[in-house]
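Asker: Quick one, structure for this:
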Amino acid sequence: MTHKFRWLVGFALLAGATAPLAVFTTSQAGSSSPATVLLKQAVRPPGSKLLVNVPFAMKQQAGVPSVGPVFAAHEYVQVPLNTRQLTAFLESHLPSGSTLGSTGTAFDKRNYSDLEISFPVSGPRVYLKIIEETWTARTATSSWLRIDADVAQVGTRTSTETIEGPSKAIVTGYATTTFQNGSQGPSSITITGAPLGTVISTFDALPLGPTNSCMEEIEPFTMTVTLANGANVRVTEIECGGHVVLVKTGTTQYYLSDNNCTLLAAIVNVLPPGGSVATRNALSACEQ
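Answerer: Model (predicted):
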């Protein structure tokens, strides 16, 4: 699995907004943080010099990924190559097992260039590993290079991060889902007993997942669970490049991962037959 996500699943008590992504820098996470370990894999040209005093021209960065929590580390390097030579070196000397992603140049007064290197990840705890490199000319024969390493890694799920005491749930699938018009043509069913138990146990078996943020989302299904104490819990799957479950209870929220599409499959199994075409198509796409 690469850093591209395919699905999100949102689970929330009915209130509140999404919290910002958590970002842990090297100083916060320590020298043995996942990002620091990843940073060491970046290939630097021979003769490169690690800088302690950061050039003003290199204080910008590529930006924090839209998935977290993120462990971040970076360093600044003076390289004895001009920008053209440095570009050729970086693109031809990728770390072992990595893949060259996007590249580009910002044509302002300094003409910054950049590239992104991605590493394979498998979860259920690590969801993103990338190195982003940005460089610009220092002299006619040398360059400044900034190297950023970002790792989205989550902890272990606790017993409190489950649905306790469900009495019933209203599950809703949709006929159509688009970025422009959202989810339309709802078809709902109330489940109790064994079907409810299957859906909840599937949900409770999911591991923690990363946060994510998307400007546009699709919701293949929603589910409102009524607990024995009368509280309502809303579960929403969101198509946003990954299999992630947003969990919110009061002021606390966390995310779960549904990379194997097990929750979506459990939902499809309890929907009324013949309808909810978009929800069923979402499962088919997820399984591909």
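Asker: contacts, neighbours, all on C-alpha from now
Answerer: OK.
Asker: which stretches of this protein form helices?
Answerer: With DSSP state H as the criterion, the chain has helices at 26-29, 34-39, 83-92, 193-204, 262-270, 277-287.
Asker: Tell me which of the ones you listed sits most buried.
Answerer: Scoring the helices of the chain by mean neighbour count under mean count of other CA atoms under 10 Å gives helix 34-39 as the most buried, with a mean of 22.
Asker: Just the pLDDT for residue 72.
Answerer: On pLDDT, residue 72 comes in at 87.
Asker: what about it, how many neighbours?
Answerer: By the criterion of other CA atoms under 10 Å, residue 72 has 27 neighbours.
Asker: Tell me, domain by domain, which residues of this protein belong where.
Answerer: 8-20+157-287, 31-153 (automatic domain parsing).
Asker: what's the model's confidence in stretch 252-266, averaged?
Answerer: 83.
Asker: those strands in the stretch 151-288 of the chain, which residues are they?
Answerer: For the stretch 151-288 of the chain, applying DSSP state E, counting those that start in this stretch gives strands covering 166-178, 182-191, 211-212, 218-227, 232-239, 244-249, 252-257.
Asker: The ones you listed into JSON lines, with extra columns for mean neighbour count and distance to residue 77?
Answerer: Shown next, in JSON lines, are those (neighbours: other CA atoms under 10 Å; distance: least, CA to CA, whole Å):
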{"stretch": "strand 166-178", "mean neighbour count": "21", "distance to residue 77": "45"}
{"stretch": "strand 182-191", "mean neighbour count": "16", "distance to residue 77": "46"}
{"stretch": "strand 211-212", "mean neighbour count": "26", "distance to residue 77": "31"}
{"stretch": "strand 218-227", "mean neighbour count": "24", "distance to residue 77": "42"}
{"stretch": "strand 232-239", "mean neighbour count": "23", "distance to residue 77": "39"}
{"stretch": "strand 244-249", "mean neighbour count": "24", "distance to residue 77": "36"}
{"stretch": "strand 252-257", "mean neighbour count": "22", "distance to residue 77": "36"}
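Asker: can you pull the contacts of the residue in the chain sticking out farthest from the centre?
Answerer: Distance from the C-alpha centroid of the chain peaks at residue 140, with 39.4 Å (CA atoms, centre = their mean). Each residue near residue 140 by CA atoms under 8 Å, 6 or more residues apart in numbering is listed here: residue 82.
Asker: sorry, back to before: possible to save the strands of the stretch 151-288 of the chain as TSV with distance to residue 94?
Answerer: Output for the strands of the stretch 151-288 of the chain, formatted as TSV (distance: least, CA to CA, whole Å):
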stretch	distance to residue 94
strand 166-178	38
strand 182-191	40
strand 211-212	27
strand 218-227	35
strand 232-239	31
strand 244-249	29
strand 252-257	29
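Asker: of all those strands, which lies closest to residue 136?
Answerer: Evaluated over the strands of the stretch 151-288 of the chain, closeness to residue 136 peaks at strand 211-212, with 30.7 Å, by CA to CA.
Asker: can you tell me the average pLDDT over the closest one?
Answerer: Averaged over strand 211-212, pLDDT sits at 66.
Asker: Residue 191 contacts residue 167, correct?
Answerer: No - at 9.0 Å, residue 191 does not count as touching residue 167 under the criterion of CA atoms under 8 Å.
Asker: thinking again about what came up before, in a markdown table, list the helices of the chain along with distance to residue 116.
Answerer: Output for the helices of the chain, formatted as a markdown table (distance: least, CA to CA, whole Å):
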| stretch | distance to residue 116 |
| --- | --- |
| helix 26-29 | 20 |
| helix 34-39 | 13 |
| helix 83-92 | 10 |
| helix 193-204 | 34 |
| helix 262-270 | 32 |
| helix 277-287 | 26 |
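Asker: looking at the ones you listed, which one has the lowest mean pLDDT?
Answerer: Among the helices of the chain, helix 26-29 carries the lowest mean pLDDT (a mean of 43).
Asker: distance between the ends of stretch 134-146?
Answerer: Separation of the first and last residues of stretch 134-146 by CA to CA, to the nearest Å is 5 Å.
Asker: Ignore what I typed, I meant stretch 252-261.
Answerer: By CA to CA, one end of stretch 252-261 lies 25 Å from the other end.
Asker: related to what we said a few turns ago, specify the stretch among the strands of the stretch 151-288 of the chain that is closest to residue 101.
Answerer: strand 211-212 (19.7 Å).
Asker: Run through the stretch 1-150 of the chain and note the low-pLDDT ranges.
Answerer: Along the stretch 1-150 of the chain, the parts satisfying pLDDT under 70 run over 1-31, 57, 59-69, 106-110, 122-124.
Asker: Please consider this matter closed, and thank you.
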